[in-house]
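Asker: Model the following, please.
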Amino acid sequence: MRRAGGTAVPLWHGDASLHGVDAVVLPGGFSYGDYLRCGAIARFAPVMTELIPAARAGLPVLGICNGFQILCEAHLLPGALTRNEGRRFLNRVVQISIETVDTAWTSEYSAGQQITVVLKSGEGRYVADQRTLAGLTASGQVLARYAGPNPNGSAVGIAGVRNAVGNVAGLMPHPEHAIDALTGPSADGLGFFASALHAVAAG
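Answerer: Residues are numbered from 1 along each chain as shown. Okay, here's the model as predicted:
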């Protein structure tokens, strides 16, 4: 967020307050050793008591990798993330296509734009029942799809989804690992964070 021009306010999972932030990024990584299901325990962290109603009230929230899993477990986003097809942890550069730009997190992109980011996950395969998948496509709630080969077997190539309003989004690849061409494969991921800052400023 700092690289995009904002101020970063660290939140701890044990916080009982969001400390007045204007947007929240749930990061990737691991929570509670990923026991049970990824994100299933973190969904009950104290900070989620404040985050869930705030997200439902319109607070911009982006879940990346494990953060995406947590948002699904909290029912802020539909579907679930399961073990990768092939049951292997993946760490690779991937291309994704931005499918919808009318969200707090993707307004800096153009529809259909392909960007280069990094995928690092063992349980990144997005799944949902056929009715949900059809509804996501029909309503424009697919945030991004993998461009080219589907790396983890996600249903219809889904790399990320959004809620109906567009303030809550989940993305399995890591845009924060692609904010500088010197340290990542591109700077393409910076648009997610710049989009949020513009959404907050316009709000």
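
Asker: quick one: the strands in the protein?
Answerer: Per DSSP state E, the chain carries strands over the ranges 24-26, 61-64, 80-82, 90-98, 114-121, 125-127, 142-146, 158-162, 168-171.

Asker: Can I get the top helix by length along the chain as PDB, trimmed to CA atoms?
Answerer: The longest helix of the chain (DSSP state H) is helix 190-202. Extracted as PDB, the C-alpha positions of helix 190-202 are listed here (Å, rounded to 0.1, in the frame of the first residue of the first chain):
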ATOM      1  CA  LEU A 190       0.600  -2.600  -8.100                       C
ATOM      2  CA  GLY A 191      -2.700  -1.800  -9.800                       C
ATOM      3  CA  PHE A 192      -4.700  -3.700  -7.100                       C
ATOM      4  CA  PHE A 193      -3.400  -1.400  -4.400                       C
ATOM      5  CA  ALA A 194      -3.600   1.800  -6.500                       C
ATOM      6  CA  SER A 195      -7.200   0.900  -7.300                       C
ATOM      7  CA  ALA A 196      -8.100   0.700  -3.600                       C
ATOM      8  CA  LEU A 197      -6.500   4.100  -2.800                       C
ATOM      9  CA  HIS A 198      -8.600   5.600  -5.600                       C
ATOM     10  CA  ALA A 199     -11.700   3.900  -4.300                       C
ATOM     11  CA  VAL A 200     -11.200   5.300  -0.800                       C
ATOM     12  CA  ALA A 201     -10.400   8.800  -2.100                       C
ATOM     13  CA  ALA A 202     -13.600   8.700  -4.200                       C
END
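
Asker: Can you list the neighbours in contact with that helix?
Answerer: 1, 3-6, 22-23, 25, 60, 62, 103-109, 115, 167, 171, 175-176, 178-179 (C-beta atoms under 8 Å, 6 or more residues apart in numbering). The way it works is simple: take the backbone N, C-alpha and C, and place the C-beta from them, glycine included.
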